[in-house]
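# Provided below for reference: sequence and predicted model.
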2 protein chains.
Amino acid sequence: MTTPRTRMPAAARRTSILVAAAEVFGQRGYAAATTDAIAQLAGISQAYVIRSFGSKEALFIATAEHVLDLVTDAFRTAIAEADDTRRIEPLLGAAYVRLAADRGALVTLLHLFTLGQDPRIGPIARAGFLRILAILREEAGLSMERATAFLGNGMLVSTILGLQLPAESEDPATAELLEATFRENTPLVRELFGGRDLDG
Amino acid sequence: MTTPRTRMPAAARRTSILVAAAEVFGQRGYAAATTDAIAQLAGISQAYVIRSFGSKEALFIATAEHVLDLVTDAFRTAIAEADDTRRIEPLLGAAYVRLAADRGALVTLLHLFTLGQDPRIGPIARAGFLRILAILREEAGLSMERATAFLGNGMLVSTILGLQLPAESEDPATAELLEATFRENTPLVRELFGGRDLDG
DNA sequence: GTCTATACTAGGATAGAC
DNA sequence: GTCTATCCTAGTATAGAC
């Protein structure tokens, strides 16, 4: 709009753009997301978004790294809280589901993983995926079988978010699906999304 | 190009466009795919692609329905072959993996499931997902727990395809991941993709 | 650090011929 | 049934001011 808004230190501005970007990228995907939508959500001009990150592609990469950091941090915190008397998956699962509160984060990740064919983004996507796998294996101590079962469930969680299935459905098949996918975290999901549709 | 190529009955042309569309949509996703790339792959003009389906959106929807049919048909065939002395998941899994030979099909499905926010496509995506779930539950007789485990593994398979991880990697983590994800179908995957990268 | 204005391009869709 | 030519919009990126 007309006059410069809340002037802000560069680092803070960067963060606020990244947060907006994760939401928009999560909702629409990389290609369909517009830098203008991100700008509006961040409350700044489209040109300034580009100024700050150089290009839409660079912004997406920064956003992806940011989300990847959120996930790895969340997993590491969960791992630190674990004692070895119980399975660690519920803790990791809860950490993952809680990231859904960061609107867009999990679905942005899902979008990232569909971009393997992109010459710039593809390598980052592969590395990010393998990085998460390595944490599950080496830091959480999961066998490959347990790790893939956990990852599969995580992809399913993200898919359900991306589909925007209703968090509270009258359709019994949907309700049962959510129970089976979110398990002990189902109440957490309902709390996060209430009556609204699930989205990232 | 210049002069009309192989003139073809409308139905056959439709199919050949759908096949090309699945490949391009699978590779790039809905938004990034261009009707021109689809046209080139199908060997016809961009304008004719639009002519044939009305719009890019309509083409995507038709492609999605087509892929959904491939999946449901493949599952039903697998179910028909099952005897009840063994778990049915390996049969279903093999059927699913074989669809990867239809370049783009599985990853197109993955893209479809990220489009929940789209007013036109979203409802189709949700219905398609629930339709697959219903087959697993009602026709294959899986409990909801087994169905979600199977679906999660399927999403992981599609994600690995979308990431284009190499089918034969020197990286031990990747190799082990593929083994754990594809299980008894690992040889089939290698046969399908040989030395090439995995893609849809 | 942030804006307005604008240049430029890609790509979906239409018109009309054959 | 299929093409060429073209219109038109959306959206990224740049220039330059404050």
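Arrived safely, thanks for sending.

# Report pLDDT for A:Pro4.
Residue-level confidence at A:Pro4 comes out at 71, pLDDT.

# Give the buried residues for stretch A:14-23.
The neighbour-count check on stretch A:14-23 (16 or more other CB atoms under 10 Å in any protein chain shown) flags A:14, A:16-23 as buried. Where C-beta positions appear, they are placed from N, C-alpha and C, glycine not excepted.

# what's the closest of these to DNA strand D?
Nearest to DNA strand D, judged by CB to the nearest atom of the strand, of the buried residues of stretch A:14-23 is A:Ala21 at 11.2 Å.

# how about the host helix or strand of the closest one against chain B, any contact?
Using DSSP states H and E, A:Ala21 maps to helix A:10-28. Yes. On the criterion CB under 8 Å from any CB of the partner chain, helix A:10-28 is in touch with chain B at A:27-28.

# Then stretch A:112-124?
Yes. Legend: contact between stretch A:112-124 and chain B by CB under 8 Å from any CB is shown at A:113-117, A:122.

# what's the most distant pair in those residues?
Maximum pairwise distance among those (CB to CB): 11.6 Å, between A:Phe113 and A:Gln117.

# to the chain's geometric centre, what's the distance from the helix holding A:Ala21?
With CA atoms, centre = their mean, to the nearest Å as the basis, helix A:10-28 stands 12 Å off its chain's centre.

# Count the neighbours of the residue nearest to A:Ile17 when sequence neighbours are not counted for me.
Computed as CB to CB, 6 or more residues apart in numbering or on different chains, the closest residue to A:Ile17 that is not its neighbour in sequence is A:Ala42, at 5.1 Å. Counted with other CB atoms under 10 Å in any protein chain shown, the neighbours of A:Ala42 add up to 21.

# Looks like A:Ala42 contacts A:Ala20 (just checking).
Yes. In this structure, A:Ala42 is within contact of A:Ala20 by CB atoms under 8 Å, at 4.0 Å.

# Quickly list what's touching both of these two.
Residues touching both A:Ala42 and A:Ala20 (CB atoms under 8 Å, 6 or more residues apart in numbering or on different chains): there are none.

# related to what we said a few turns ago, neighbour count for A:Phe113 and A:Gln117, which is higher?
Higher neighbour count among A:Phe113 and A:Gln117: A:Phe113, with 23 against 20, using other CB under 10 Å.

# need the residues of chain A near DNA strand D, please.
Neighbours of DNA strand D within chain A, by CB under 7 Å from any atom of the strand: A:33-36, A:46-47, A:50-51, A:54-57.
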